[in-house]
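[1] when you get a sec, could you give me coordinates for this:
(one chain, ligands or ions: 1)
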Amino acid sequence: MRLSEIRQLTRSLSTWRQAVANGRLDVKDFSQSLTDYLAKLQAKTQAYITILPENKIRQQIEAAIKADKPLLGWPVSMKDVFITKEIKTTAGAAVLKDYLPSYSSTVYQRLVSAGGSLVAKTNCDAWGFGGSTENSDFYSSKNPYDLERVPGGSSGGSAVSVASGAVGFDIGEDTGGSIRQPAAFCGVIGFKPTYGSISRYGAIAFSSSLDTIGLFGRQIEDVIEVFNLVKGVDGFDATVYPSQTPTKITSSQQLTKIKIGYLPELFEGVDPQIKDYFDKLKVFYESELKAEFIEIKLPHFSYGLAVYYILAPAEASSNLGRYDGVRFGQGRQFFGDEAIRRVLLGTFALASGYYDAYYLKALKVRRLIYQDFIKAFNQVESILLPVTLGQAFKLGQNTQDPIKMYLEDSFTIPISLAGLPAISFPVGLSDQGLPLGLQFAGRHFNESTLAGLVKVWQSFSKFNQKYPNHVD
Ligand code: GLN
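    Below you'll find the model as predicted:
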């Protein structure tokens, strides 16, 4: 099977379903060709930590088709932070390099019951600490649009996996931007639902009050369909919101005259090409939906980064306490530099003498950021804002300067602190041929509106049909 045929099948759930329905899907041929492609992709991009053997891939697809499961065996990859029974799970960390779990995360279990076929687990910054995958304890992944650049992070391998067309979708995790930023760098959709939508049970914890499981996908319809299959209460994570209903994509008719907020000052210091795309989208939505763009204020937005880099390391330092070399994996001497940095930052902020000055203060400012958003949503339905400062940066460019790396998350973090849903989506290419993205953020549990807005743009831009040319 040729690569174009693999991509035809991973492009959308409907093409996969059609192929199954017409009996045109030769599962053996597909599994073999996909396995070859995964190996080739790995050689070029190092997107994966584990690739499942061909017979496992085939069995899963056959079983899902036989049982007529909703996803009919559609291939999926997962960030390696999700516990998968008897499949190595590392969180990108040397401490867990040989860890074989004895149970499965809820999200993986739900995928399996829905008939998804796990084909690979993706590389990421160790424990989710980073924005480029360069903090992976194993190797850095590479951007399929330019192999000298990062794919973003921490879920970098996941973005590469979807962008290259090896899988239909991917499950990632976004604590402060880890789905949205790599999605923007690799030209795919990055979906971070409202905090508390999908159970975190069996997801290796980074910062428990921020960790949000979400998806990478090529088209928004499929992302929402899978979201509906995996979200909701499961009894193992008390932070999952109990009364969730299925998300339906809001139609363009219902979006007519929608009020979209924006913050002009956010574009200062951002690559002007991103501002140009913003302007283009503004004109597009104004004509397509008669949308009204309204300038809003989020007075505490700019404190987001400072707040995050107190709260997230504080929670991380507590979460990493369990890796004592006795219960799971190897000892603490295997922690990488960034993990040590975060543990130090976190324990410092939580130390009795500093708790009030740092941790408690940060919690209060977090509340103000949240309240700003709530107020803004009295005025507008959704906010359109940048995801990144620019296109994907070069490997090695920010590794010597952690603060510079942290600054990359200025636009994603405040949304995470407020627990709001946001969708990062490709808007076009830069003059160097690299993808650029923007994101819509919305009210809690209002993924429908955001998905509707993205769908309107997707139908026009057709970016979901685009593939990078370095991984053929
Ligand atoms: N880049 C951010 C960090 O380093 C966010 C990571 C994430 O969302 N997991 O913490």
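[2] ok, now which ones touch the residue of the chain found nearest the ligand?
    Closest approach between the chain and the ligand, counting by Cβ to the nearest ligand atom: residue 178, at 3.0 Å. In this view, the C-beta of every residue, glycine as well, is placed from N, C-alpha and C. With contact taken as Cβ atoms under 8 Å, 6 or more residues apart in numbering, residue 178 is in contact with 124, 125, 128, 131, 153, 154, 155, 172.
[3] need the residues of the chain near the ligand, please.
    By the rule Cβ under 6 Å from any ligand atom, the part of the chain lying against the ligand is 128-131, 154, 174-178, 206, 312, 409.
[4] now these as CSV including secondary structure?
    Formatted as CSV, the residues of the chain next to the ligand follow (DSSP: H, G, I helix; E, B strand; the rest coil):
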residue, secondary structure
128, helix
129, coil
130, coil
131, coil
154, coil
174, strand
175, coil
176, coil
177, coil
178, coil
206, coil
312, helix
409, coil
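[5] the one helix or strand residue 342 maps to: which residues count as buried?
    Element membership for residue 342 (DSSP states H and E) is helix 337-350. Applying a neighbour-count criterion of 16 or more other Cβ atoms under 10 Å, one finds 338, 339, 342, 343, 345, 346, 348, 349, 350 buried in helix 337-350.
[6] same question for stretch 245-256.
    Buried residues in stretch 245-256 (16+ other Cβ under 10 Å): 247, 249, 250, 255.
[7] what helix or strand does the residue nearest to the third one when sequence neighbours are not counted sit in?
    It stands for residue 250. Here the nearest residue to residue 250 in space, its sequence neighbours aside, is residue 452; by Cβ to Cβ, 6 or more residues apart in numbering that works out to 3.3 Å. Applying DSSP H and E as the criterion places residue 452 in helix 447-461.
[8] report all helices and strands that that helix contacts.
    If you count contacts as 3 or more Cβ pairs under 8 Å, 6 or more residues apart in numbering; DSSP states H and E, helix 447-461 packs onto helix 220-230, helix 272-289, strand 382-386, strand 422-429, strand 435-442.
[9] could I get these as TSV with distance to residue 146, mean neighbour count and mean pLDDT?
    Below are the helices and strands packed on helix 447-461 laid out as TSV (distance: least, Cβ to Cβ, whole Å; neighbours: other Cβ atoms under 10 Å; pLDDT from 0 to 100):
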stretch	distance to residue 146	mean neighbour count	mean pLDDT
helix 220-230	25	22	98
helix 272-289	15	16	98
strand 382-386	20	23	98
strand 422-429	11	26	98
strand 435-442	10	25	98
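[10] number of nearby residues for the nearest residue to residue 71 once chain neighbours are set aside?
    Leaving aside its chain neighbours, residue 71 sits nearest to residue 115 (4.0 Å; criterion: Cβ to Cβ, 6+ apart). Residue 115 has 21 neighbours, counted by other Cβ atoms under 10 Å.
[11] likewise the one 10 residues further on?
    Taking other Cβ under 10 Å as the neighbour definition, residue 125 ends up with a count of 30.
[12] how much space between it and residue 157?
    Using Cβ to Cβ, to the nearest Å, we find residue 125 at a distance of 10 Å from residue 157.
[13] before we move on, what about residue 472?
    19 Å.
[14] higher neighbour count, these two?
    residue 157 (34 against 14).
[15] what's the pLDDT at the more buried one?
    pLDDT recorded at residue 157 is 98.
[16] output the contacting helices and strands for the host helix or strand of it.
    Using DSSP H and E, residue 157 sits in helix 156-163. The contact analysis (3+ Cβ pairs under 8 Å, 6+ apart) places helix 156-163 against helix 27-45, strand 48-51, strand 75-79, strand 117-122, strand 169-174, helix 180-186, strand 212-217.
[17] was I right about the residue nearest to residue 250 contacting residue 255?
    Yes: the pair residue 452 / residue 255 is scored as a contact, 5.2 Å apart, by Cβ atoms under 8 Å.
[18] and the helix holding residue 452 with helix 272-289, angle?
    Orientation check (axes from the mean of the first three to the mean of the last three Cα atoms, to 10 degrees): helix 447-461 against helix 272-289 gives 100 degrees.
[19] quick one: buried residues of helix 447-461?
    Buried residues in helix 447-461, counting neighbours by 16+ other Cβ under 10 Å, are found at 447-458, 461.
[20] with stretch 458-471 instead?
    For stretch 458-471, the neighbour count (16+ other Cβ under 10 Å) marks 458, 461, 463, 464, 466, 467, 468, 471 as buried.
[21] how far does that stretch sit from the chain's center?
    18 Å (Cα atoms, centre = their mean, to the nearest Å).
[22] on that earlier part again, ok, residues contacting the helix holding residue 452?
    Here helix 447-461 makes contact (Cβ under 8 Å, 6+ apart) with 189, 191, 193-194, 197, 219-221, 223-224, 227, 247-252, 254-255, 258, 260, 281, 284-285, 288-289, 381-382, 421-423, 425-428, 440-443, 464.
[23] and residue 149, what's its pLDDT?
    Value listed for residue 149 in the pLDDT field: 98.
[24] next one: residue 401
    Looking at residue 401, its pLDDT reads 89.
[25] phi, psi for it please.
    Note on residue 401: its backbone torsions stand at phi -130, psi 90 [degrees, to the nearest 10].
[26] against residue 198, how distant is it?
    Residue 401 is 34 Å from residue 198, by Cβ to Cβ.
[27] more neighbours: which of the two?
    residue 198 (27 against 10).
[28] how many residues are close by the closest residue to that one other than its chain neighbours?
    Nearest residue to residue 198, sequence neighbours excluded (Cβ to Cβ, 6+ apart): residue 213, at 4.1 Å. Per other Cβ under 10 Å, the neighbour tally for residue 213 reads 29.
[29] residue 213 touches residue 173, doesn't it?
    Yes: the pair residue 213 / residue 173 is scored as a contact, 5.4 Å apart, by Cβ under 8 Å.
[30] who touches both of the two?
    residue 203.
[31] got a list of what residue 173 touches?
    Neighbouring residues of residue 173 by Cβ under 8 Å, 6+ apart: 79, 81-82, 128, 154-155, 179, 203, 206, 211-214.
[32] between the residues you listed, which is closest to residue 270?
    Of all the contacts of residue 173, residue 179 has the smallest distance to residue 270: 19.8 Å, by Cβ to Cβ.
[33] what sits against the closest one?
    155, 158, 172, 173, 190, 191, 192, 214, 215, 216, 424.
[34] for residue 40, grab the count of nearby residues.
    Neighbours around residue 40, by other Cβ under 10 Å: 15.
[35] do the same with the one 5 residues further on
    In terms of burial, residue 45 registers 27 neighbours under the definition other Cβ under 10 Å.
[36] and if you look at residue 268?
    Residue 268 - counted by other Cβ under 10 Å - has 7 other residues nearby.
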